[in-house]
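Engineer: From the sequence below, what's the structure:
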Amino acid sequence: MKLLLINPNISDSVSELIRSEAQRSASPGTEIEVLTAPFGVAYIETRFEALIGAYAAAQLAAEHHARFDAVVVAAFGDPGLTGLREALPVPVTGLTEAALASACLLGHRISIIAISQRIQAWYREVVESYGLGSRLASIRALDRPLASIGQVQDEHALSLKTLAERAVDEDGADVIVLAGAPLAGLARMLKGQLPVPVVDGVSSAVRHAETLAALQPGTAQRGSFAPPPVKPEPRFAASHRATARPHSLNP
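Structural biologist: Predicted structure coming up:
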């Protein structure tokens, strides 16, 4: 089995964190490839940045998906996920969707620990879009500047743990979700140090992607996730015309 993980951010250091945790989490024999967005921002915090990341992810998916059994949008917030699910002939999931699915099997009330205060409103909207707003106990986030997005775990591990403990004690969380690719692997470090289960987005996404590919459920031919209709004379920016056509997403 081959899985493609797309980092919609431009941070190579974060892609390395994604790759390391994905390889640790994958089943024996599963091959992992991680691609980094060729344009965008170091880490997505806002709706507009998510829009840019979604386009970067779509471009990479269009160019590379045919070699893989499933695709993972490897950023919390899942930028572009639902659109890619319409267009690609293989299963697609994302860090938020997969982490929430795992968390729902472990407890009722879920708290998300994030790396940025600004990111909270967008995360809340994403959770609500998945129909899980009523199960969201809280979103707690770091409130200090980040010197290096690839070093968040090393620099703020104690603060992130404290936020998780407060989510349990003050917000009634049954499960903690560590949000975002920069925190990939931190759940392993905190295992046994918190009084509730801790969920990682990358490991959840890899395992769910493997399951979806193995189940071979087929693809939507009707309904809201049927492939987009082919439009006459599509027009795209010249630099991306070769990869952006709707039919280029089909093998």
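Engineer: Can you name the residues that contact W122?
Structural biologist: Counting by C-beta atoms under 8 Å, 6 or more residues apart in numbering, W122 touches 45-47, 50, 77. C-beta coordinates here come from the backbone N, C-alpha and C atoms, glycine included.
Engineer: Sort out which of those residues are buried, if you could.
Structural biologist: 45, 50, 77 (16 or more other C-beta atoms under 10 Å).
Engineer: And the pLDDT for the last one?
Structural biologist: This points to G77. G77 is assigned a pLDDT of 96 by the prediction.
Engineer: ok, A157 to L142 distance?
Structural biologist: From A157 across to L142, the span is 11 Å (C-beta to C-beta, to the nearest Å).
Engineer: So which of the two has more stuff around it?
Structural biologist: More crowded of A157 and L142, by other C-beta atoms under 10 Å: L142, with 18 against 14.
Engineer: any residues touching the longest helix along the chain, and which ones?
Structural biologist: Counting by DSSP state H, the longest helix found in the chain is helix 152-171. With contacts defined as C-beta under 8 Å, 6+ apart, helix 152-171 is touched by 17, 109, 111, 113, 115, 137-138, 140-142, 144, 146-148, 173, 176, 178, 182-183, 185-186, 189-190, 193-196, 198.
Engineer: what packs against the very next helix or strand once past it?
Structural biologist: Downstream of helix 152-171, the next assigned helix or strand under DSSP states H and E is strand 175-178. If you count contacts as 3 or more C-beta pairs under 8 Å, 6 or more residues apart in numbering; DSSP states H and E, strand 175-178 packs onto helix 95-104, strand 110-114, helix 152-171, helix 186-190, strand 198-200.
Engineer: Quick one: residues in contact with strand 175-178.
Structural biologist: Residues outside strand 175-178 that contact it (C-beta under 8 Å, 6+ apart): 99-100, 103, 106-107, 109-113, 160, 164, 167-168, 186-187, 190, 194, 196-201.
Engineer: Need the buried ones from the residues you listed selected in ChimeraX.
Structural biologist: Here is the ChimeraX command that picks out the buried ones among those, judged by 16+ other C-beta under 10 Å:
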select :99,100,103,107,109,110,111,112,113,160,164,167,168,186,187,190,194,196,197,198,199,200,201
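Engineer: about what we covered before: now the longest helix of the chain against strand 110-114, angle please.
Structural biologist: If you take axes from the mean of the first three to the mean of the last three C-alpha atoms, to 10 degrees, helix 152-171 sits at 150 degrees to strand 110-114.
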